[in-house]
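Asks: when you get a sec, could you give me coordinates for this:
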Amino acid sequence: MTRLPTIFLGVWVTAWATGCTQPPTAQIIAAKAKLETVAFEGVTYGPDAYKAAQDVEAQLDAELKAQDEKLSIFRSYDRARELAASAETAADHVQQTVTAEKTRLRAETGRVVADAKRELAQAKQLFEKIPQGQLLGLKSAMAKAETSLGEADSLLSAGRPMEAHRLAKTAFQTVTQTKTAIEQAQAVATRTAARRAAPDDVLIPQVVLADGKPLPTGTYRTRLTDEAPSSVVGQTAGSERWVEFVQNGTVAGRELAVVLSADEMSEVAKGPGPALNDLRVDLLKGSEYVRLWLNREGTNYLIYMPVAPR
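Replies: The predicted model follows:
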């Protein structure tokens, strides 16, 4: 009769030992499966949270290894159960972080795309008002940005907000840079037009021949034009421009001006020229020629007109 409690005690100890010394296999498998499920998007959308989950998994693996190295009767998997539960919780946190980040990226990308499309529309309007020669390469940049914005929309619809966000940001930068370049070109064009339209009074001291026709003595307003003569052998196309002489609102004559940069002028001119945006008139070769020298924003326009025979 006295041996019965001892038998029951032995059975209870055996049961207790068996429960404590067996790893929580099902719980571990479930935790690792959940971590594996969030791994791909965790790296992309929640790297910090995923790294923390990996640390918990590493602790779990280390704990399992430590227990496996003990004699079976001395093993205890209580800590492993706790770490397995923590790993599942960490995996849940990764999933929550991923969901929140994807939501944020979708919203931000939508704003960036909308802003870029608005800027692009404005850039297109500005583009139409600028001489096309000043905007080489910008039109293709706008087209490329527009294509990228369409691709960003597609990526958003496909559930790839990270890629969409990167593409939209790049497109937005391209659009804003292009718009700035167009605005600068427009400002230059406006200043150039204003400068060309601005009257410059010049006194022609003698009757001269302008384009082979007599131009009487008097005060005229010079007006630069965009018109250049046809190039001939030995002449660089675009190195000359027609200049008009206006009096009482009527073009009284015109003559070709040789166009020289500041560097080119330094090699040709003897003595100082006119100040920036000024002009000067000289009689040359014993008063046989009248030279009109215009300085416009550092570009020089030289006009040579022979004195008309008396």
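Asks: where does the stretch 201-310 of the chain dip in pLDDT?
Replies: Scanning the stretch 201-310 of the chain for pLDDT under 70 picks out the ranges 231-238.
Asks: which residues in it form strands?
Replies: 208-210, 213-215, 218-224, 240-247, 250-260, 279-284, 289-296, 299-306 (DSSP state E, counting those that start in this stretch).
Asks: so which elements touch the second one?
Replies: Right, strand 213-215. Using 3 or more CB pairs under 8 Å, 6 or more residues apart in numbering; DSSP states H and E as the contact definition, the elements that strand 213-215 packs against are strand 208-210, strand 250-260. For glycine as for every other residue, the C-beta is placed from the backbone atoms N, C-alpha and C.
Asks: go through that strand and flag the buried ones.
Replies: Buried residues in strand 213-215, defined by neighbour count with 16 or more other CB atoms under 10 Å: L215.
Asks: each with direction, which strands does that strand pair with?
Replies: As defined by DSSP bridges, the strand partners of strand 213-215 come to strand 208-210 (antiparallel).
Asks: how about T222, what does it touch?
Replies: T222 is in contact with 199-200, 202, 243-246, 279, 292, 294, counting by CB atoms under 8 Å, 6 or more residues apart in numbering.
Asks: contacting residues around the spatially closest residue to it that is not a sequence neighbour?
Replies: Take T222 and drop its neighbours on the chain: the residue closest to it by CB to CB, 6 or more residues apart in numbering is D200, 4.8 Å away. By CB under 8 Å, 6+ apart, D200 lies in contact with 221-222, 279, 294.
Asks: dump the residues you listed to JSON lines, plus distance to L105.
Replies: Shown next, in JSON lines, are these (distance: CB to CB, whole Å):
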{"residue": "R221", "distance to L105": "61"}
{"residue": "T222", "distance to L105": "60"}
{"residue": "L279", "distance to L105": "61"}
{"residue": "L294", "distance to L105": "58"}
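Asks: out of the residues you listed, which comes closest to G150?
Replies: Distance ranking of the contacts of D200 against G150, using CB to CB, places L294 first at 49.3 Å.
Asks: what about F40, distance to G46?
Replies: Distance of F40 to G46, computed by CB to CB, to the nearest Å: 11 Å.
Asks: neighbour count winner among the two?
Replies: In terms of neighbours (other CB atoms under 10 Å), G46 is the more surrounded of F40 and G46; the figures are 23 against 11.
Asks: and the gap between the more buried one and L256?
Replies: Counting by CB to CB, the gap between G46 and L256 amounts to 71 Å.
Asks: how much space separates A107 from S261?
Replies: When CB to CB is the yardstick, A107 and S261 sit 52 Å from each other.
Asks: tell me where the stretch 101-250 of the chain has helices.
Replies: Assigned by DSSP state H, counting those that start in this stretch, the helices in the stretch 101-250 of the chain fall at 138-157, 161-197.
Asks: domain ranges for this structure?
Replies: The chain breaks down into these domains under automatic domain parsing: 14-197, 200-229+238-306.
Asks: how far is the shortest one from where the chain is centred?
Replies: If I follow you right, that is domain 200-229+238-306. Centroid separation for domain 200-229+238-306 versus its chain: 43 Å, with CA atoms, centre = their mean, to the nearest Å.
Asks: what's the answer for stretch 89-103, then?
Replies: Relative to where its chain is centred, stretch 89-103 has its mean C-alpha point 32 Å off (CA atoms, centre = their mean).
Asks: ok, stretch 76-86 next?
Replies: Between the centre of stretch 76-86 and the centre of its chain there are 52 Å (CA atoms, centre = their mean).
Asks: average pLDDT for it?
Replies: Taken as a whole, stretch 76-86 has an average pLDDT of 96.
Asks: stretch 153-160 too?
Replies: 92.
Asks: and it, what's buried?
Replies: If you call a residue buried by 16+ other CB under 10 Å, then stretch 153-160 has these buried ones: 153, 155-156, 160.
Asks: swap in stretch 66-81?
Replies: Going by neighbour count (16+ other CB under 10 Å), the buried part of stretch 66-81 is 67, 75, 77, 80-81.
Asks: for stretch 164-184, same thing?
Replies: Under 16+ other CB under 10 Å, the buried positions of stretch 164-184 are 164-165, 167-172, 174-176, 178-179, 181-182.
Asks: what's the closest of those to T147?
Replies: Relative to T147, the closest of the buried residues of stretch 164-184 is A171; by CB to CB it sits at 8.4 Å.
Asks: quick check: the closest one vs M162, distance?
Replies: Spatial separation of A171 from M162 under the definition CB to CB is 15 Å.
Asks: and if you look at L215?
Replies: Looking at L215 against M162, where the rule is CB to CB, the gap reads 71 Å.
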